[in-house]
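>>> everything below, folded, please.
(one chain, ligands or ions: 1)
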Amino acid sequence: MNRQRDVVILGGGPAGMTAALWCRRLGLSHLLLEAEERLGGQLFAIQNEVIDYPAVPVKSGAELQVKFAAHVELLGCEIERGVWVREVHLAERLMRVRLANGGEEQIGFRGLIAATGGAERRLGVPGEQEMIDRGEVYSATRDRERFAGKRAAVVGGGDRAFEGALLLAEHGADVVLIHRSEQFRAREEFLQPVLAHPKIELLTHAKVERIYGERAVQGVEVALRDGTVQQLEVQGLFVRIGVEPNSHLLRGQVATDAEGYPLVDATGQTSFPGVFAVGDLCTRPLYSGIASAVGQAMIAAKQVSLYVEQKGAEL
Ligand SMILES: Cc1cc2nc3c(=O)[nH]c(=O)nc-3n(C[C@H](O)[C@H](O)[C@H](O)COP(=O)(O)OP(=O)(O)OC[C@H]3O[C@@H](n4cnc5c(N)ncnc54)[C@H](O)[C@@H]3O)c2cc1C
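Residues are numbered from 1 along each chain as shown. Have a look, this model is predicted:
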């Protein structure tokens, strides 16, 4: 074993950063591991104003990220970026990680707070894996200029789909928004602007069945309500059909529901003693958000502190 901490925190989004902050305040030796080079997680995906996180109204998620990151730095939390946690072995209380320099390490822990968030759900249709393997996985935020003057398809009916469609259209793309029904889950602030936008075409009761293109996406085949299949020529596809929890590191080791969300008690503790799951990792989209991630992380840190104290006393 290369290193050992009272508590290791997986993921440096709002939940992970809050957990680190509280571990620091509670005097626990801790280490937060974040796969990306920067902290923040999904905060970077929030282009709109964040007006629902109390006392800190900001113009974008990136602005909030700066405040979060400055806070954990101010308190001297122990954090490492660019570290990909590959495997976690709960029974042995250790994990294997790939460091930013490419090296490998084993890190031991007494308590674990998993805050690895969620990832976009896939369509599961022919051509999707090839598209991903070619690196054609776009962010409307990052790649909006790339699609100016081009045609793109966005799949989904929630906030992510609508916000993405709007961003692309506002930057000059022609957007086809494909959704399986006529019911949209998107918030009103996105709904009306999308429905009224001249560069966004809505295709409802439609299901993507195939993505085609040899070296790049050239189009999608969409099954319509009347049973016909339509070919849509597009240069990019944005799949925004919801999220699934990044729980693969814990699967088979803690109890989860049918969709892979770890089951937790009121303190965030999973079925494995001393192992906690917080934030989007264990919270369905209806209830997820920065405020719930932060609150859950604080509670988990306090509980893991009690757990570590008790284990220390038993030794
Ligand atoms: C477009 C968009 C708009 C949103 N708007 C709002 C809003 O207005 N208000 C609001 O409250 N919420 C909003 N949210 C939701 C909010 O961003 C999330 O609820 C919040 O970020 C969840 O925090 P988290 O820490 O649980 O997970 P995440 O932010 O997802 O962070 C998880 C972190 O874990 C890291 N990680 C994953 N696997 C590993 C691994 N194996 N090793 C190391 N690190 C790993 C990831 O790199 C990531 O940094 C929005 C989300 C999106 C996408």
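>>> contacting residues for H89?
M95 (C-beta atoms under 8 Å, 6 or more residues apart in numbering). Yep, even glycine has a C-beta here, placed from its N, CA and C like the rest.
>>> find the closest residue to the ligand in the stretch 101-250 of the chain.
G117 (2.2 Å; C-beta to the nearest ligand atom).
>>> quick check: that residue touching Q42?
Yes: the pair G117 / Q42 is scored as a contact, 6.3 Å apart, by C-beta atoms under 8 Å.
>>> common neighbours of these two, please.
In contact with both G117 and Q42: 13, 280, using C-beta under 8 Å, 6+ apart.
>>> so which of the two has more stuff around it?
Taking other C-beta atoms under 10 Å, G117 and Q42 do not tie; G117 has more neighbours (25 against 18).
>>> list the contacts of the more buried one.
Per C-beta under 8 Å, 6+ apart, neighbours of G117: 11, 13, 15, 41-42, 245-246, 279-281.
>>> let's go with 7 Å and repeat that
By C-beta atoms under 7 Å, 6 or more residues apart in numbering, the residues touching G117 are 11, 13, 41-42, 246, 279-281.
>>> grab the nearest non-local neighbour of it.
Excluding the flanking residues, the one nearest G117 by C-beta to C-beta, 6 or more residues apart in numbering is D280, at 4.4 Å.
>>> let me know how buried that neighbour is, in neighbour terms.
With other C-beta under 10 Å as criterion, D280 counts 30.
>>> and the residue of the stretch 151-300 of the chain nearest the ligand?
For the stretch 151-300 of the chain, C-beta to the nearest ligand atom, closest residue to the ligand: G279, 2.1 Å.
>>> quick one, phi/psi of that residue?
phi 70, psi -150 (degrees, to the nearest 10).
>>> roughly how far does it sit from A291?
11 Å (C-beta to C-beta, to the nearest Å).
>>> what of R81?
Between R81 and A291 the computed distance is 24 Å (C-beta to C-beta).
>>> list phi and psi for Q230.
Dihedral angles (degrees, to the nearest 10) for Q230: phi -110, psi 140.
>>> does it touch G219 like I think?
No: Q230 is beyond contact range of G219, at 9.9 Å (criterion: C-beta atoms under 7 Å).
>>> what about the two, which has more around it?
Shown here are Q230 and G219; by other C-beta under 10 Å, G219 has more neighbours (19 against 13).
>>> what about Q269, how many residues nearby?
Neighbour count of Q269, defined by other C-beta under 10 Å: 22.
>>> hey, what's it bridged with?
Beta-bridge partners for Q269, by DSSP bridges, are F276.
>>> can you check the pLDDT for it?
In this model, Q269 is scored at 98, pLDDT.
>>> more crowded one of G279 and A291?
G279 (33 against 12).
>>> and the more buried one, what is it in contact with?
Counting by C-beta under 7 Å, 6+ apart, G279 touches 13-15, 115, 117, 293, 296-297.
>>> which non-adjacent residue is nearest it?
Using C-beta to C-beta, 6+ apart and skipping residues adjacent in sequence, the residue nearest G279 is A15, 2.9 Å away.
>>> the one you found belongs to a helix?
Yes: A15: assigned to a helix according to DSSP: H, G, I helix; E, B strand; the rest coil.
>>> surely it is in contact with I299?
No: using C-beta under 7 Å, A15 is not in contact with I299, being 10.9 Å away.
>>> any common contacting residues for those two?
Shared contacts of A15 and I299 (C-beta under 7 Å, 6+ apart): none.
>>> which of those two has more residues huddled nearby?
Neighbours were counted for A15 and for I299 using other C-beta under 10 Å; A15 has more, 35 against 17.
>>> could you report the pLDDT at the more buried one?
Looking at A15, its pLDDT stands at 98.
>>> tell me the contacts of it?
Neighbouring residues of A15 by C-beta under 7 Å, 6+ apart: 115, 278-279, 293-294, 296-297.
>>> Throw those residues into a markdown table and include secondary structure and pLDDT, thanks.
Converted to a markdown table, these look like this (DSSP: H, G, I helix; E, B strand; the rest coil; pLDDT from 0 to 100):
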| residue | secondary structure | pLDDT |
| --- | --- | --- |
| A115 | coil | 98 |
| V278 | coil | 98 |
| G279 | helix | 98 |
| A293 | helix | 98 |
| V294 | helix | 98 |
| Q296 | helix | 98 |
| A297 | helix | 98 |
